[in-house]
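> Okay, sequence plus prediction incoming.
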Amino acid sequence: MKTIKKEKKAAIVLQLKKAFSDYKALILADYRGLDVESMNALRKQLRENDITFRVVKNTLLRIASEETDVEQIQDMFTGPTAVAISTKDPVAPAKVLKEFAKSHDALKIKGGILSGKPLSVSDIEGLANLPERDVLLAQLLSVMNASQSGLVNVLTGVIRGFLNVLYAVEKKKAA
């Protein structure tokens, strides 16, 4: 097995510690059984979405996670572990990994953490099923707009009813 020099280990721990303090979402996966070609394809998809993907020894992960939010999920640092870290879009790593796992059974999502809250595999699947950010914003705006439209309709309905009564009285007097 290849050994890593102490200085390189310290540099990896430092990089991970910085990433663990800047993350929006972090997902752990077991990559055992993926061939090099598949791993490269996965890395490419993650890179296109501004997601850092690293395969790191569990010991280094434990050391780097100390005194960070990631410390909560240390029990997931078992077996071969790859870490997907997003500093921009919290949903992107879940979407990419879930989509990739559909066509590659060897990739198993272990869990993760989102803004300080641990995520189970089912939480990550739920996160991956969320619509895009733009769609969610549009849905929120439509809900907010619907309540205002409803209020306007109710208020105009009262006036409309009053005008209908006045019109009926006018017709009755004219007849």
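Here it is on my side, so go on.
> what's the distance between the residue positioned nearest the centre of the chain and Gly150?
Closest to where the C-alpha atoms of the chain average out (CA atoms, centre = their mean) is Val91, at 2.0 Å. Going from Val91 to Gly150 by CB to CB, to the nearest Å gives 31 Å. All C-beta spots, glycine's among them, are computed from the backbone N, C-alpha and C.
> again with Phe100
For Phe100, the distance to Gly150 - CB to CB - is 43 Å.
> what about the two, which has more around it?
A side-by-side neighbour count of Phe100 and Gly150, using other CB atoms under 10 Å, places Phe100 first with 18 against 10.
> for the chain, which spans come out with low pLDDT?
Where the chain drops to pLDDT under 70, the residues are 1-3.
> which stretches of it form helices?
Ranges of helices within the chain are 6-22, 36-48, 58-65, 92-103, 121-128, 133-174, based on DSSP state H.
> May I see these organised as CSV, with distance to Gly79 added?
Output for those, formatted as CSV (distance: least, CB to CB, whole Å):
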stretch, distance to Gly79
helix 6-22, 18
helix 36-48, 16
helix 58-65, 8
helix 92-103, 16
helix 121-128, 15
helix 133-174, 33
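> Out of the ones you listed, which is closest to Ala29?
Ala29 lies closest, by CB to CB, to one member of the helices of the chain: helix 92-103, at 6.0 Å.
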